[in-house]
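Asks: Here is my input, please return the structure:
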Amino acid sequence: MKLDLLAHVNAFLAATQFLTLLPVPVRLEWTLELQRRALLYYPAVGLVLGCLLVLAHAISTWAFAAHSVVLPAAVTLFVWVALTGALHLDGLADAADGWMGGLGDREKTLRIMKDPCVGVTGAVVLILVCLMKFAALANLMESGKYTHLCVALLVAPLLARVAVMCLLVTTPYVRAGGIASSWIEHITPSTILWPLVCAVIGALWLSPLALVISAAVLWMCRRVMLNRLQGTTGDTAGATIELIELAILLGMNTYIAQ
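Replies: Here you go, the predicted model:
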């Protein structure tokens with residue numbers, strides 16, 4: 001029992017170490033089994049990120065109470081990017097470069113995405129996504145609807161990582177030597193059933209709208225990936241996270257405007 005509990009704790013720590021820059025108090029041995037278990041805790045890591053974002057918003061709002069919502073929104077976005085080390089933004093930029101430069105060709109798209117340099121398309125997409133996230137956060141803060149803002153900050157990181165967990169399990173991984181190719185091949189949809197159910201129940205309680213948005217964006221992203229690449233990569237998974245987070249923030253803005 002103790003060993004099983006320790007294995008789950010280590011899996012959560014491994015997921016935290018992989019998806020964020022949060023310090024992990026133990027040295028982990030990255031075995032295939034640990035990596036497979038870590039996938040189950042992606043939603044939990046997303047929830048932790050959401051809680052930290054709510055805290056960052058509360059502190060920045062208190063610190064800059066005499067100013068407009070611009071500074072709190074900027075600080076919250078900065079913390080959002082810093083906590084993840086811009087890992088998913090990097091994937092978004094690579095995917096954008098590949099999609100534009102690949103011109104519909106699978107091998108060319110994969111080759112461009114593997115290039116560590118960021119092209120013009122990737123840079124422009126990064127700027128636009130960050131700008132839209134900032135504007136969405138500022139608008140939510142300016143609305144004065146604190147509950148809606150906190151819900152958005154909680155569910156956006158949570159559902160984005162739930163979606164990527166589902167994406168990796170249900171979609172072929174196209175790079176043989178990719179970061180996830182060795183450990184997702186033996187994971188089945190039934191493996192992620194309990195974290196998926198828990199996350200869906202929590203999201204339904206917090207925001208059914210966000211759940212619908214994340215499912216729709218995941219479906220669209222997966223369809224585009226299958227059409228172009230016949231599967232997914234680490235870069236497209238990171239891009240999916242960023243697009244779902246942005247879509248949820250925009251959706252919450254539409255909701256409060258009604």
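
Asks: Quick one: the strands in the chain, in order.
Replies: Using DSSP state E, no strands are found in the chain.

Asks: which intervals of it have sub-threshold pLDDT?
Replies: Scanning the chain for pLDDT under 70 picks out 1-3, 66, 176-186, 258.

Asks: quick one: Leu71 from Gly144, how far?
Replies: Going from Leu71 to Gly144 by CB to CB, to the nearest Å gives 17 Å. All C-beta spots, glycine's among them, are computed from the backbone N, C-alpha and C.

Asks: Between the two, which is the more surrounded one?
Replies: Leu71 (16 against 10; other CB atoms under 10 Å).

Asks: wait, doesn't that one sit right on Thr61?
Replies: No. Here Leu71 does not reach Thr61: they are 9.0 Å apart, not a contact under CB atoms under 8 Å.

Asks: Spell out which residues are contacts of both of these two.
Replies: With CB atoms under 8 Å, 6 or more residues apart in numbering applied, the contact sets of Leu71 and Thr61 do not overlap.

Asks: His88 and Thr171, how far apart?
Replies: Counting by CB to CB - His88 and Thr171 are separated by 17 Å.

Asks: So for these two, which sits in the more crowded spot?
Replies: His88 (25 against 20).

Asks: Determine the number of other residues adjacent to the closest residue in space to that one that isn't next to it in sequence.
Replies: Counting by CB to CB, 6 or more residues apart in numbering, His88 lies nearest to Gly238, which is 3.9 Å off, once chain neighbours are set aside. By other CB under 10 Å, 23 other residues sit near Gly238.

Asks: mind checking the end-to-end distance for stretch 23-30?
Replies: 16 Å (CA to CA, to the nearest Å).

Asks: can you list contacts of it?
Replies: So stretch 23-30 is in contact with Asn10, Leu13, Ala14, Thr16, Gln17, Leu34, going by CB under 8 Å, 6+ apart.

Asks: Next, the buried residues of stretch 32-39.
Replies: The neighbour-count check on stretch 32-39 (16 or more other CB atoms under 10 Å) flags Leu34, Gln35, Arg36, Arg37, Ala38, Leu39 as buried.
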